[in-house]
Every structure is written in C-alpha cells, then in structure tokens.
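Asker: how would this look folded up:
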Amino acid sequence: MRSITKASTPSDRSDSAPDAVIIGAGHNGLVAANLLSDAGWDVVVCEATPNVGGAVQSAEVTAPGYLTDLFSAFYPLSIASPVLRSLELDRHGLRWSHSPSVLAHVFPDDRCAVLSRDLDRTVASVEQFGAGDGTSWRRLAEEWETLREPLIAALFAPLPAVRPATRLLSILGAAGALRMARRAVLPVRRLGEELFDGPGAPILLAGSALHADLPPEGAGSAIYGWLLAMLGQSYGFPVPVGGAGKLTESLATRLRYHGGTIRVSSPVESIHIEDGRAVGVRLADGERLGARRAVIADVTAPALYRDLVGERHLPASFVRDLDNFQWDTPTLKVNWALSGKLAWTATEARQAGTVHLGVDLDGLTRYAADLATRQIPTAPFLLLGQMTTADETRSPQGTESGWAYTHLPVGVEFTDSVVAEHVRRVEATIERHAPGFGDLVVGRFVQSPGRLQQQNPSLVDGAVNGGTAQLHQQLVFRPVPGLGGAATPIDRLFLGGSSAHPGGGVHGGPGSNAARAALARDGILGVGRRRATQLLLNLIYPAGPGSRTGAEQPSR
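Answerer: Reported below is the predicted structural model:
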C-alpha cells in the first residue's frame with residue numbers, strides 16, 4: 001500500500017507528470033481515480049470548484065441544523081452497483097440509512113400506492129387498487145430476483161457486456177430473451193396495462209421512469225421504470241447517514257489513503273494533444289500537468305469535446321453528431337427546513353422517504369406533453385424527499401429536512417418571476433395533500449436551473465442526467481452514435497462522466513468503464529486494442545472534406 005500523498009505547493013509539487021489526470025471530482029471521476037490507484041497508477045484529480053462531490057454534495061442552506069442534499073439524494077443504484085460495492089466504502093466512513101417505506105405515490109384524490117422493501121406490504125398496497133394486481137407484482141418481483149445479478153452486471157459493464165449477457169440468456173432462454181427485449185423498448189404505460197388492472201402498480205412504475213426524463217409513452221420507459229421499482233423493492237432507496245456528501249467524501253478519503261491527489265479550485269482549461277494523443281492538461285492558471293498514460297474526463301460530452309479538446313481535433317462527422325446531443329429537461333428544486341413532520345392526509349406517505357405527487361398516470365402524460373411542447377406545466381409532477389424520515393441526522397428531532405423537484409421545459413427563459421410562480425405552484429400542490437405545510441416552513445432555498453448550473457457547471461441549464469436517458473441516446477448512441485464505450489477519437493483520452501454509457505445516476509459505471517478502458521489501453525495488448533478501436537471509429541466518423549482527425553492535427 002502506497003503512502004498518503006501530502007499536500008504540496010505548486011513549486012515543490014511532485015505530480016507534474018502523473019500516470020493519469022482525472023478532470024472532475026464528481027463520483028465518476030473519484031471512482032475512476034480509485035480504480036487506477038488500486039492498479040498502482042499515480043493519479044491526480046483536478047476539480048474546478050472548491051469542493052469534491054459533483055452532484056453528490058450536502059450542506060446547511062435552508063436553516064442552521066438542517067442538512068440538505070444539494071443535488072442527488074436517494075441511491076438505489078449506488079447500493080446495488082457492483083462498482084461501488086467493490087470499493088468497500090464502509091471502511092472509509094460511508095453508512096446507509098432507510099426510511100420505513102421506500103416510495104409513496106399520492107394520487108390527486110389522495111389514494112396512495114406504497115412501495116416497501118417488505119414485498120408483502122407492496123403486494124397488499126397495489127392489491128387495493130385492482131384485484132389480482134398484488135399477485136402480478138409478486139410475480140414481477142420473483143422474475144426480477146432470478147435476473148437481478150446478471151442484469152445489474154450487464155447494466156454497469158462496458159459494451160459489449162458479453163459475459164453477463166450470456167448468463168442472462170442462459171436463464172431466460174431464447175423465448176424469454178425475446179420477451180425481455182420487447183420489454184426493453186416498451187412504453188411504461190403499456191407495460192402497466194399488460195400486467196395490472198388497477199392504477200396503483202402502474203403509477204409506481206411510471207413515476208419511477210420519470211426519475212429520468214422518460215415519458216409514459218416513451219420507448220424504453222418500461223425497462224427503466226421496472227428497473228428502478230425493482231431496485232427499490234430489493235434494496236430500498238437508501239441515503240448516506242449524515243448527508244449525500246458522505247458518499248463522495250468516502251471516495252475521496254479512500255483515494256487519498258491509497259496515495260491519490262485531489263486538487264480543488266483547479267479548473268482545467270484545455271487538454272494537451274500531441275500527434276493525436278492526450279498527453280496532459282492545461283489549467284486555467286496556465287500550469288501544465290502532464291499525463292503519462294491517460295486523461296479521463298468526468299465532464300459532459302459537449303464540455304469535453306467543444307471546450308477542452310476543440311472541434312479542430314475531431315472528425316467533422318463526429319462534430320455533426322455532437323450537434324444532435326440532447327440534454328435532459330431542466331430541473332427546479334426547492335428545499336425546506338420544516339419545524340415538524342408533513343401531515344399527509346394520505347397517511348401511508350408519512351413513512352416514505354420519497355413521495356410522488358401532483359398527478360395520476362394521465363397527468364404524467366400531460367406533464368410530459370407540456371415539457372415536450374415547451375409549456376410550463378400547470379399541474380406538475382413532484383418528486384419529494386423527506387430526508388429526516390430517511391436519516392434522523394438531517395435535522396433536529398421532530399422536524400423535517402425536505403425538498404421537492406420538478407422539471408421545466410427546454411427553451412424557456414427562467415426569470416425570477418417565472419421561478420417564483422412555479423415555486424408557489426409546487427408548494428400549493430404539497431399544501432393540498434399535507435395541510436399546514438406552509439406553516440411549517442422555517443427556511444427555504446430555491447435552486448433554479450440557472451442556480452444548479454452555477455453550483456455545478458456540469459448541470460447545464462439544470463439538466464441532472466448528463467443528457468437525455470431516452471432510447472435514442474443510450475447504449476451505442478451515448479453520447480453520439482459510436483461504440484458505446486469510454487474511448488474517444490483522441491488516443492488515451494476517455495470520457496468518464498454521465499454523458500457516457502451507462503448514463504446518469506450515482507453508480508460509478510461511466511467512471512469504472514473509463515478506468516478499465518485506460519488500463520486496457522496501457523496493457524500488453526493496448527496498441528492492438530487502440531488500432532482496432534481507431535479502425536472502428538474511422539468507419540463511424542470518416543474524415544470528409546475539411547475534416548481533420550486528432551492524429552492529423554499538430555500539437556498545441
């Protein structure tokens with residue numbers, strides 16, 4: 001085990017040419033750094049902001065003693081992720097906590113469907129909405145359990161995920177695999193219609209799909225809704241004890257313990273490219289930092305290619321594909337310090353860490369249609385977090401640290417008055433289902449799309465998923481049509497942020513895949529791998545008139 005790297009000044013710094021430079025200290029960047037450090041590489045992480053964590057941070061912003069998760073909050077993908085589990089973060093301070101119930105969806109008429117880690121409770125809840133729906137849910141959960149391990153492995157593995165896919169095929173058989181492939185492209189509304197008679201179970205699936213920007217009628221929304229609901233059934237929606245930031249703090253602590261270096265307030269201005277190869281970075285203060293083996297970027301795809309690399313280093317066809325990169329919809333998040341617990345009239349919601357409310361399934365469709373047609377929804381779908389219910393450390397006893405977020409359409413100017421009006425709409429929706437809510441508010445902190453980007457530059461216009469999760473920008477189409485891997489048209493440069501496969505969510509998949517690609521590139525077969533990769537990339541992004549690839553571009 002290597003010794004901990006001590007802090008140093010620019011004049012005596014020993015990291016001027018580490019093995020790898022990681023751009024960004026979000027959770028993906030820290031995962032990549034840890035994996036490379038475990039392999040014996042010298043690693044330096046450069047973070048533009050004063051804090052590590054990216055979209056996994058917490059702070060007291062509403063009132064003293066009330067801890068708020070500033071961006072992401074509940075982590076079913078984290079606790080299920082084989083990547084994060086392999087890092088044994090519990091040895092570095094991470095502990096998990098659960099609310100009594102995982103998820104409650106409150107209908108406009110105050111009926112409530114509940115997802116619980118106790119399968120019998122979930123079954124009983126959905127059975128109230130439709131005779132036989134409990135049996136159907138149990139069958140769905142049993143099917144999930146048979147597929148869970150290889151399916152999760154396939155989700156987070158680099159493409160093509162041959163080994164886990166083979167295991168899945170052996171379990172499903174040819175006929176089962178065909179039916180699962182159909183489910184993978186099915187809209188979540190249709191899945192609910194096929195499996196259930198009442199509205200309870202379908203709304204749990206559809207609301208889960210809306211955790212990404214997947215509308216009820218969108219192709220591929222069924223598989224995401226099913227996946228997230230089943231993760232909740234098996235693992236719950238856990239939260240780190242002491243705030244979301246404890247997750248990334250544990251990653252940073254682990255990295256430093258194994259000798260890695262993290263430099264905060266060190267924005268990278270550009271990537272240094274020589275003969276088509278990434279050889280280091282240039283910081284905003286003019287310092288050059290070499291990289292002997294790899295540069296991994298935990299930033300968005302547009303930021304990497306347009307800002308840090310520059311279009312002149314890229315094939316013209318690649319740049320044209322990048323023009324079609326689609327962001328997910330902007331987010332408005334409102335955080336509250338509450339002097340007491342929410343008095344939900346749907347009492348089942350009182351024990352849920354996550355509460356969905358504002359709409360039924362048809363309302364979800366209208367909400368999604370408003371976003372698609374660039375209209376601000378008058379009946380928004382809200383995703384609300386009762387954080388002290390999930391983790392008692394978040395606020396004083398008997399109180400609640402809460403938040404809610406909703407999405408807004410792309411292309412709208414979010415003036416102060418527009419934001420204020422929508423905040424009123426959000427709070428009125430909660431007040432209808434939890435009378436007296438407004439009287440409990442002792443502090444409020446509003447994160448508009450612009451403020452979210454100001455706090456975290458990767459959340460462009462409040463897009464929290466690193467780009468849409470819709471089917472046309474997943475797998476080999478993420479972030480542009482290509483190989484679906486971390487490799488880029490620039491040798492030894494790897495995309496390790498949520499714009500890369502497997503996409504958004506706090507699971508470490510993109511960071512892990514980038515680290516694995518860097519290790520493979522540096523291995524015995526690395527030259528052959530790169531040649532094969534470059535051949536395929538040349539087929540996908542042919543050099544046309546006026547196009548210059550990185551290999552053709554002289555160094556900067």
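Asker: quick one: contacts for the nearest residue to residue 155 once chain neighbours are set aside?
Answerer: Once flanking residues are discounted, residue 155 sits nearest to residue 502: 5.6 Å by Cβ to Cβ, 6 or more residues apart in numbering. Yep, even glycine has a C-beta here, placed from its N, CA and C like the rest. Residue 502 makes contacts with 155, 156, 509, 510, 513, as judged by Cβ atoms under 8 Å, 6 or more residues apart in numbering.
Asker: please pick the buried ones from the residues you listed.
Answerer: Taking 16 or more other Cβ atoms under 10 Å as the criterion, what is buried in the contacts of residue 502 is 155, 156, 509, 510, 513.
Asker: which of those fall within helices?
Answerer: Residues of the buried ones among the contacts of residue 502 located in helices (DSSP state H): 155, 156, 509, 510, 513.
Asker: export these to JSON lines and append columns for pLDDT and distance to residue 58.
Answerer: Listed next are these as JSON lines, based on pLDDT from 0 to 100; distance: Cβ to Cβ, whole Å:
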{"residue": "155", "pLDDT": "92", "distance to residue 58": "26"}
{"residue": "156", "pLDDT": "92", "distance to residue 58": "25"}
{"residue": "509", "pLDDT": "97", "distance to residue 58": "22"}
{"residue": "510", "pLDDT": "98", "distance to residue 58": "22"}
{"residue": "513", "pLDDT": "97", "distance to residue 58": "27"}
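Asker: what's the pLDDT at the residue nearest to residue 155?
Answerer: The per-residue pLDDT reported for residue 502 equals 96.
Asker: now residue 5
Answerer: 34.
Asker: repeat that for residue 13.
Answerer: pLDDT, residue 13: 40.
Asker: buried residues, stretch 266-279. List them.
Answerer: Counting neighbours by 16+ other Cβ under 10 Å, stretch 266-279 gives 266, 268, 270, 271, 272, 273, 276, 277, 278, 279 as buried.
Asker: one step back: would a markdown table of the contacts of residue 502 with distance to residue 356 be doable?
Answerer: Below are these laid out as a markdown table (distance: Cβ to Cβ, whole Å):
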| residue | distance to residue 356 |
| --- | --- |
| 155 | 23 |
| 156 | 26 |
| 509 | 25 |
| 510 | 27 |
| 513 | 31 |
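Asker: which of these lies closest to residue 308?
Answerer: Residue 308 has its nearest neighbour among the contacts of residue 502 in residue 510, at 16.3 Å by Cβ to Cβ.
Asker: touching, the closest one and residue 498? I think so.
Answerer: Yes: if you go by Cβ atoms under 8 Å, residue 510 and residue 498 touch, sitting 5.9 Å apart.
Asker: what residues are shared contacts of those two?
Answerer: By the contact definition Cβ under 8 Å, 6+ apart, residue 510 and residue 498 are jointly contacted by residue 28.
Asker: buried ones in the helix or strand bottoming out on mean pLDDT in the chain?
Answerer: Among the helical and strand segments of the chain, the one scoring lowest on mean pLDDT, DSSP states H and E is helix 526-540, with a mean of 90. Within helix 526-540, the residues scored as buried using 16+ other Cβ under 10 Å are 529, 530, 533, 534, 537, 540.
Asker: between those residues, which is closest to residue 35?
Answerer: Among the buried residues of helix 526-540, residue 529 lies closest to residue 35 (Cβ to Cβ), at 17.6 Å.
Asker: hang on, isn't residue 324 packed against residue 480?
Answerer: Yes: with contact defined as Cβ under 8 Å, residue 324 counts as touching residue 480 (7.4 Å).
Asker: so between the two, which is more surrounded?
Answerer: The residue with more neighbours, out of residue 324 and residue 480, is residue 480; 21 against 12, by other Cβ atoms under 10 Å.
Asker: secondary structure class of that one, three-state.
Answerer: coil (DSSP: H, G, I helix; E, B strand; the rest coil).
Asker: what sits against it?
Answerer: Applying Cβ under 8 Å, 6+ apart, the residues contacting residue 480 are 301, 318, 321, 322, 324, 325.
Asker: got a pLDDT number for the fifth one?
Answerer: For residue 324, the model assigns a pLDDT of 96.
Asker: what stretches of the chain score poorly on pLDDT?
Answerer: Applying pLDDT under 70 to the chain flags the ranges 1-16, 544-556.
Asker: mind checking the SS state of the residue nearest to residue 154 when sequence neighbours are not counted?
Answerer: Nearest residue to residue 154, sequence neighbours excluded (Cβ to Cβ, 6+ apart): residue 164, at 3.8 Å. When classified by three-state DSSP, residue 164 comes out as helix.
Asker: go on, the one 3 residues further on?
Answerer: Three-state assignment for residue 167 (three-state DSSP): helix.
Asker: that one and residue 152 touch, don't they?
Answerer: No: using Cβ under 8 Å, residue 167 makes no contact with residue 152, being 11.1 Å away.
Asker: circling back to that earlier point, so which of the contacts of residue 480 is the most crowded?
Answerer: Counting by other Cβ under 10 Å, residue 318 has the largest number of neighbours within these, with 23 neighbours.
Asker: now do that residue against residue 473, distance only.
Answerer: To residue 473, residue 318 is 15 Å away according to Cβ to Cβ, to the nearest Å.
Asker: cool, and residue 358?
Answerer: Distance of residue 358 to residue 473, computed by Cβ to Cβ: 27 Å.
Asker: could you check which of those two is surrounded by more residues?
Answerer: Remark: of residue 358 and residue 473, residue 358 carries more neighbours, 26 against 22, as counted by other Cβ under 10 Å.
Asker: helices or strands next to the strand or helix carrying residue 36 in the packing?
Answerer: In the assignment (DSSP states H and E), residue 36 maps to helix 27-38. Applying 3 or more Cβ pairs under 8 Å, 6 or more residues apart in numbering; DSSP states H and E, one finds that helix 27-38 contacts strand 20-23, strand 43-46, helix 245-257, strand 294-297, helix 509-522.
Asker: which other residues reach the fourth one?
Answerer: Put plainly, it is strand 294-297. Taking Cβ under 8 Å, 6+ apart as the rule, strand 294-297 contacts 19-24, 29, 32, 36, 271, 278, 280-281, 303-304, 308, 486, 492-497, 511, 514-515, 518, 521-522.
Asker: and what of the third one?
Answerer: Residues from elsewhere that reach helix 245-257, judged by Cβ under 8 Å, 6+ apart: 4-5, 25-27, 30-31, 33-34, 37, 43, 45, 52-54, 56-59, 69, 75, 78, 87, 89, 91-95, 240, 262, 506.
Asker: got a ChimeraX select line for the buried ones in those?
Answerer: Selection of the buried residues among the contacts of helix 245-257 in ChimeraX, burial being defined by 16+ other Cβ under 10 Å:
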select :5,25,26,27,30,31,33,34,37,43,45,52,53,54,56,57,58,69,75,78,87,89,92,94,240,262,506
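Asker: list the ones among the contacts of helix 245-257 that fall in strands.
Answerer: Counting by DSSP state E, the contacts of helix 245-257 place 43, 45, 58, 59, 69, 240, 262 in strands.
Asker: ok, the residues you listed vs residue 104, which is closest?
Answerer: Proximity of those to residue 104 (Cβ to Cβ) peaks at residue 69, which lies at 18.9 Å.
Asker: alright, that wraps it up for me.
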